[in-house]
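Trainee: structure here, sequence nowhere to be found:
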């Protein structure tokens, strides 16, 4: 009984973290805000640039829970739709999914050192050396 309660608590706490993501860029980036449509276009490889013309380098966590939550909220795509979308994009040569990182720390390091990078992370990982340009709830 205790084991099942622990698993439920663990699942719910992990699930809550994915319910509030921060879209981040380097503190030195010229990007201060972003519209949901532009964000979707960048992460779905429909554009390679921010609205100001600067190159956009989208990266993301390899954590599927974060990805599913992000794409559902930003692009209105569920897991199955996203898989189908990327299969078509890759097959036709029109785009590749964002580069995946295994840890939030590696995402933050990349963001800090690249003014063109953009990503999303759970709010509890935020630090003062990155800039939040959108909240996703």
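Mentor: Ah, there it is. Computed from a predicted structure; not experimentally measured. Residues are numbered from 1 along each chain as shown.
Trainee: please confirm that residue 119 is located within a strand.
Mentor: Yes. Applying DSSP: H, G, I helix; E, B strand; the rest coil, one finds residue 119 inside a strand.
Trainee: tell me which residues touch it, please.
Mentor: 23, 24, 58, 59, 60, 61, 98, 107, 110, 111 (CB atoms under 8 Å, 6 or more residues apart in numbering). Where C-beta positions appear, they are placed from N, C-alpha and C, glycine not excepted.
Trainee: one more pass at 10 Å, please.
Mentor: By CB atoms under 10 Å, 6 or more residues apart in numbering, residue 119 lies in contact with 21-25, 43, 57-61, 70, 98-99, 101, 104, 107-108, 110-111, 130.
Trainee: need the helix or strand of this structure with the lowest average pLDDT.
Mentor: The weakest-scoring helix or strand in the chain, judged by mean pLDDT, DSSP states H and E, is helix 2-17 (a mean of 47).
Trainee: how close does residue 25 sit to residue 43?
Mentor: 13 Å (CB to CB, to the nearest Å).
Trainee: go ahead and flag the most central residue of this protein.
Mentor: residue 120 (3.5 Å; CA atoms, centre = their mean).
Trainee: give me every residue that touches that residue.
Mentor: 21-24, 39, 43, 58-61, 66-67, 69-70, 73-74, 98, 107, 132, 134-136.
Trainee: what's around the closest residue to residue 137 other than its chain neighbours, how many residues?
Mentor: Closest residue to residue 137 apart from its sequence neighbours, by CB to CB, 6 or more residues apart in numbering: residue 20 at 5.5 Å. Close neighbours of residue 20, defined as other CB atoms under 10 Å, add up to 13.
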